[in-house]
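[1] Dropping a prediction and its sequence here:
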Amino acid sequence: MTVTRSREGEAREAMLVAATRLFAERGFEATSFQDVATAVGVSKQAVLHYFASKGRLREAVLEAQVAHWHEALPRLLTAATASEDRFEAVLGELVRFFTSDPHRARVVLREALDRPAETKALLKGPVKPWLAAVAGYITRGQRRGEHHATLDPDAYVALMLELVIVACASAPLLDAAVGEGGRARVTGELLRIARTALFLPKREGAAAPEAETRSARKKKMR
């Protein structure tokens, strides 16, 4: 029984991996059940056994990506609580997740362009809690004087997510544009931009709030 369930799980996972790749390369409309079955080496009926419709297969592809973050994010934030590496823990995991399989980023980008209404529903539904969790973590850092006080946590998290997805989805183009070591260089620069936008310089962290207060006072006096 256990072996059978394990094999079924492996078969379903293989179908999701194949569907993710095909949706990313061809688009949802141009991919058929038979294409997925052929890629996995099974019959069309075998795919239908797990996914009653192509729409359900699409939903499962997206759900698999969201499920990773529901599992990984609490662990990352908890571990980061006792560490100065919280930034690298969360953003680094985001980059690793999409670079480990670029088809993930490409399928998300295609969904955003081809089906904006459905993508909005995904963002407002299952994705929203983990976006809010990271934004909340940043807000607490602002109160401690670690992050720029003028930074908008919700907008920052959304923009960083989009930047990582677009960068990973267009990795081959970036490699060609940047040249030797392009992917690693682009990833490094992406992390630098994100870090600089978020963190106050350590020496100025405590003084910055007071400096902003003085600046605000001067404006009022003018």
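    The structure has been received and is ready for your questions. Numbers count the residues shown, from 1 in each chain.

[2] and the longest helix for the chain?
    The residue-count maximum for a helix in the chain (DSSP state H) belongs to helix 54-81.

[3] Just the CA trace of the following helix or strand past that helix, in CSV.
    Per DSSP states H and E, the first helix or strand lying C-terminal to helix 54-81 is helix 86-100. Output of helix 86-100 as CSV, limited to C-alpha atoms (Å, rounded to 0.1, in the frame of the first residue of the first chain):
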residue,chain,number,x,y,z
ARG,A,86,17.5,36.9,7.6
PHE,A,87,17.7,38.9,4.3
GLU,A,88,19.9,36.2,2.6
ALA,A,89,17.7,33.5,4.1
VAL,A,90,14.4,34.7,2.5
LEU,A,91,15.6,36.4,-0.7
GLY,A,92,18.3,33.8,-1.2
GLU,A,93,15.6,31.0,-1.0
LEU,A,94,13.4,32.9,-3.5
VAL,A,95,16.3,33.1,-6.0
ARG,A,96,17.3,29.5,-5.5
PHE,A,97,13.7,28.3,-5.9
PHE,A,98,13.4,29.9,-9.3
THR,A,99,17.0,29.4,-10.6
SER,A,100,16.9,25.7,-9.7
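
[4] what does helix 86-100 contact?
    For helix 86-100, the external contacting residues (CB atoms under 8 Å, 6 or more residues apart in numbering) are 68, 72-73, 76-77, 79-80, 83, 104-105, 134, 137, 160-161, 164-165, 168-169, 171, 183, 187, 190-191, 194-195, 198-199. From N, CA and C alone the C-beta is placed, and that goes for glycine too.

[5] Kindly write the ChimeraX command that selects the buried subset of those.
    This is how ChimeraX selects the buried members of the contacts of helix 86-100, with burial counted by 16 or more other CB atoms under 10 Å:
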select :72,73,76,77,80,104,105,134,137,160,161,164,165,168,169,171,183,187,190,191,194,198
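
[6] Helices along the protein, start to end?
    2-26, 33-40, 44-50, 54-81, 86-100, 102-114, 116-124, 128-143, 153-169, 171-178, 182-198, 208-221.

[7] Could you export the shortest one as PDB, CA atoms only?
    By that I understand helix 44-50. Output of helix 44-50 as PDB, limited to C-alpha atoms (Å, rounded to 0.1, in the frame of the first residue of the first chain):
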ATOM      1  CA  LYS A  44      -3.300  10.400 -21.800                       C
ATOM      2  CA  GLN A  45      -5.700   8.400 -19.600                       C
ATOM      3  CA  ALA A  46      -3.000   8.200 -16.900                       C
ATOM      4  CA  VAL A  47      -2.800  12.000 -16.800                       C
ATOM      5  CA  LEU A  48      -6.600  12.200 -16.600                       C
ATOM      6  CA  HIS A  49      -6.500   9.800 -13.700                       C
ATOM      7  CA  TYR A  50      -4.700  12.500 -11.600                       C
END
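
[8] picking up where we left off before, TSV for the helices of the chain, including mean pLDDT?
    Below are those laid out as TSV (pLDDT from 0 to 100):
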stretch	mean pLDDT
helix 2-26	82
helix 33-40	94
helix 44-50	93
helix 54-81	79
helix 86-100	82
helix 102-114	89
helix 116-124	84
helix 128-143	87
helix 153-169	91
helix 171-178	82
helix 182-198	87
helix 208-221	41
